[in-house]
Structures are given as structure tokens and as C-alpha cells.
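>>> Need the 3D shape of this:
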Amino acid sequence: MRALFYYTANRWTGSARAFAIAARGLAARGEPVTVACCADTPVEQTFAREGIEVVTLPPGGSVAGDAWRLRKVLRERFVEVVFLHTEREQTIASTAMRMAERGAVIRRIPAGQTASAGRSSLLGVKMAPPARLLFSTDNDRARTKGAAHEFVAPLGVDVARVDGLRAAARTSLGIEMETQLIVCVTAGSARVRSGTALRTLALLAERHPDMRLALVGPGADEEDVHMHAAALGVSSLVHFLGERDDLPLVLAAADVGWVAADGDDAGFACLDFMAARVPIVAERSSLVGHYVPDGIAGVLLPPADPSDTAATVASFLSHSDQRETMGRAGRTRAERDFKEEAMIDGFAAAASAAGDRASWATR
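Presented below is the predicted three-dimensional model:
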């Protein structure tokens, strides 16, 4: 099955990583795979480093212009299935498929989200058969009306990739091995939750002089975050790492993992921490709860209560045996229940079913 992964965002996100894992896995199974993304972006560079064939497209064009350019790629590579994420991408790909007289579209729904059909999606339906849907969890699929027969590809990680990385991760970040390090993953609109981590650090800093906080993710090094840390008097204790494409390495350096993100960024953060045997603290949500069993691989807290959070983190830092037990439990869960192979299997099954020529509308 000739598959194309269409990704137009300029930032490397958990959704881009999901495509990279799937594309690399399908290619390893002998399937012809191509990624189409915007030229001269960190996304292009990271996909290329993954060893995936990349076709670049100019950013910021009109829907019609982007569809025409994508049509050329579809024809040149005989693409049968296009994976994508957004409504705009769906409209462009559906139009291109119609012009190329071939193929099917699969819209992947990020973890913790449900599918909705806006005006652009409806336009895509008029141009070509409606996109099939690919969810990350059975619960996400169940919460989407009329999606009972759609596909599921659970997020997955290769736990072996982080084995033995702790010392190297700390060295790369300039963190001493004796430092008690909390790594907080934040992204997008969920970045406001990182404020709870900063306030918790401020409450604990005096009693834990060796404690440091690393903020990582899109927006983690922006001015308002620096200003918040300065107002709390903890700027010297915070590493503002910003956006990174080596997230598993960064997270392996942590003593305690903090998840303050949404969607695929949150899902992969949970799995990366667990793979690295790092216990997790996070505000309670159905998404985080799907990956992190409360009291076993981490602790899920009521939202925005720095005092309670500070007490929990202090307990984590004071009881290394508790952290180690939770870390081992998380590693076992990630290795047993969230394998990369299962994720790749989900993409492969979706591609095979959607790419069945008998299911394509008459052109």
C-alpha cells in the first residue's frame, strides 16, 4: 500500500512524532512511504533524520494551489492512502485525490480528542469520499458520534531506546547527578498549567536547595514564562528548554516527570517518562489517566492546587523507594501495553482497509 503522510505544521509535535513512528515502521515492513511537509522547517529536518523519504511543499499557499501541488505528488508516487490531521489538510488532500483520480484519505485524531466536521471538512466531502478516521484510544472513538467502525492506532514507544540514557541526558542538559530534577512537559494552550509547576518550585525551593525544574515544549521558553518565574523568584532554578525534537532523551534525565500538555504531546510524555522509569505527577484528566494508573505509575492531582502538589512532590523527592517502585511499574506498563509495533499495526490496518480499491468512489 503506497502511503503518504501529509503534515503542514511548522513545529515538531507529538502528532508529527506519531507520523514518524508509523512511516518508519511501515517502510521497515517494505511498504512505499513518503512524508509531505513544508520546506525549510525543523519538521522537514527531523523527518529526514528519521530516514523517511520527504517531499517538501511551499508553506502558506491557497487551498487550491496546495491541492494542485499535492496532486502532482500523488500521481508521481502512485499514492493510494493519505494520512493527515487537520480539516484544512483534509480539504486539500481530498481535492488533490479527486484531481488525481485515485486513493483514500485517513484523518488521524490526536490522543484525547474527538472528531468534528467543520465547513472545510464538509467541502472535502463534496470533492471526494469522506475521510476515514483513525483514533488513538477506543475511548476517543466511542466519544465520537458515528465512529464505531473507524480505526484505532494506540500511541506506542520503544522502551529500549531510553535504556541507559540518564547520565548522558543529564550531561547534555548540564545537570549534576546529585540534583533533584523535575521535568515538566508543556505545549500549546495547556502551557498555563506550567504555572503550577513554577509555583510548586517556589514553595519547595527553600527546603530543597538541590531541586531544579526543566520546562520543555513549545512556548516553554517564551517571555511570559520567564516573567512568571522571575515574579516567583525562581528563575535561577529553572531550565527553559523550549521546543525539542529529542524529548525522550530530555525526559530520561528526570527524577519526577510532570505532564502539563494535551493531546499527543501529553500521551507521548506519559509514555516516555514511564519508559525511562520516571514517576509522574499530573493534573487528573481522562487522557493522562488512560496512560498513568493513579498511585501506581504516578500521582494524579486535582487541578491548580500548588500547596497539595508541593506536598506530593516533596514526598516524591523524600522517598526514593516510592519513586523507584512507581518508575518500575510505569516501565512495565509502557513495555507491555504501549508498544510501537501495536501502533504501526493500527496504521497498517487502516491503510489496508481504506486503500481497498473496491471502497473508492467511482471517479
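
>>> Ignoring the adjacent residues along the chain, who's closest to Val288?
Ala282 (4.6 Å; C-beta to C-beta, 6 or more residues apart in numbering). In this view, the C-beta of every residue, glycine as well, is placed from N, C-alpha and C.

>>> who does the strand or helix carrying that neighbour pair up with?
Assigned by DSSP states H and E, Ala282 belongs to strand 280-283. When pairing is defined by DSSP bridges, strand 280-283 lines up against strand 256-260 (parallel), strand 298-301 (parallel).

>>> Give me the mean pLDDT for the next helix or strand after the first one.
So that's strand 256-260. Sequence order places helix 263-275 as the next helix or strand after strand 256-260, per DSSP H and E. Averaged across helix 263-275, pLDDT comes to 97.

>>> try stretch 8-24
Stretch 8-24 comes out at a mean pLDDT of 95.

>>> export it as PDB, just CAs?
Listed next in PDB are the C-alpha coordinates belonging to stretch 8-24 (Å, rounded to 0.1, in the frame of the first residue of the first chain):
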ATOM      1  CA  THR A   8       1.800  21.000   7.300                       C
ATOM      2  CA  ALA A   9       2.600  22.400  10.700                       C
ATOM      3  CA  ASN A  10       6.000  24.100  11.200                       C
ATOM      4  CA  ARG A  11       6.600  22.700  14.700                       C
ATOM      5  CA  TRP A  12       7.700  19.200  15.700                       C
ATOM      6  CA  THR A  13       4.800  17.900  17.900                       C
ATOM      7  CA  GLY A  14       3.600  14.700  19.300                       C
ATOM      8  CA  SER A  15       1.400  14.400  16.200                       C
ATOM      9  CA  ALA A  16       4.400  14.700  13.900                       C
ATOM     10  CA  ARG A  17       6.100  12.000  16.000                       C
ATOM     11  CA  ALA A  18       3.200   9.700  15.600                       C
ATOM     12  CA  PHE A  19       3.500  10.000  11.800                       C
ATOM     13  CA  ALA A  20       7.300   9.500  12.000                       C
ATOM     14  CA  ILE A  21       6.900   6.300  14.000                       C
ATOM     15  CA  ALA A  22       4.200   5.000  11.600                       C
ATOM     16  CA  ALA A  23       6.100   6.000   8.500                       C
ATOM     17  CA  ARG A  24       9.300   4.500   9.700                       C
END
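
>>> That stretch: how far from the chain's middle?
Taking C-alpha atoms, centre = their mean, to the nearest Å, one finds stretch 8-24 lying 8 Å from the centre of the chain it belongs to.

>>> for stretch 212-219, same thing?
16 Å.

>>> buried ones in that stretch?
Using 16 or more other C-beta atoms under 10 Å as the test for burial, stretch 212-219 gives 212-219.

>>> thinking Ala254 is in contact with Ala275, fair?
No. Counting by C-beta atoms under 8 Å, Ala254 does not reach Ala275; the two are 11.9 Å apart.

>>> Disregarding residues adjacent in the polypeptide, which is nearest to Ala276?
Computed as C-beta to C-beta, 6+ apart, the closest residue to Ala276 that is not its neighbour in sequence is Ala252, at 4.1 Å.

>>> Roughly how far does the one you found sit from Val183?
From Ala252 across to Val183, the span is 9 Å (C-beta to C-beta, to the nearest Å).

>>> Mutual contacts of the two, please.
Val278 (C-beta atoms under 8 Å, 6 or more residues apart in numbering).

>>> the more surrounded of those two?
Neighbours per residue (other C-beta atoms under 10 Å) separate Ala252 from Val183, with Val183 holding more: 31 against 26.

>>> So what sits opposite that one in the bridge?
With DSSP bridges applied, the residues forming beta bridges to Val183 are Ala214, Gly257.

>>> ok, it - contacts?
Contact partners of Val183, counting by C-beta under 8 Å, 6+ apart, are 213-214, 216, 250-251, 253-254, 256-258, 278.

>>> Let's have the residues you listed in CSV, adding pLDDT and distance to Thr8.
Output for the contacts of Val183, formatted as CSV (pLDDT from 0 to 100; distance: C-beta to C-beta, whole Å):
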residue, pLDDT, distance to Thr8
Leu213, 96, 33
Ala214, 96, 30
Val216, 95, 24
Val250, 95, 26
Leu251, 96, 27
Ala253, 95, 32
Ala254, 95, 32
Val256, 94, 35
Gly257, 95, 30
Trp258, 95, 30
Val278, 96, 33
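
>>> Let me have those residues in TSV, adding distance to Ala160 as columns.
As requested, the contacts of Val183 are exported to TSV (distance: C-beta to C-beta, whole Å):
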residue	distance to Ala160
Leu213	28
Ala214	24
Val216	22
Val250	18
Leu251	15
Ala253	18
Ala254	19
Val256	23
Gly257	19
Trp258	24
Val278	16
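
>>> Show me the strands in the stretch 51-200 of the chain, by range?
Assigned by DSSP state E, counting those that start in this stretch, the strands in the stretch 51-200 of the chain fall at 54-57, 81-84, 104-108, 132-135, 151-152, 180-186.

>>> mean confidence for stretch 115-132?
60.

>>> Quick check: end-to-end length of that stretch?
Criterion C-alpha to C-alpha, to the nearest Å; first-to-last residue distance in stretch 115-132 is 11 Å.

>>> Ok, stretch 47-65 next?
End-to-end distance of stretch 47-65 (C-alpha to C-alpha): 24 Å.

>>> which residues sit against it?
The contact list for stretch 47-65 (C-beta under 8 Å, 6+ apart) reads 7-8, 10, 16, 20, 23-24, 27, 33-41, 44, 66, 69-70, 73, 77, 88, 91-92, 95.
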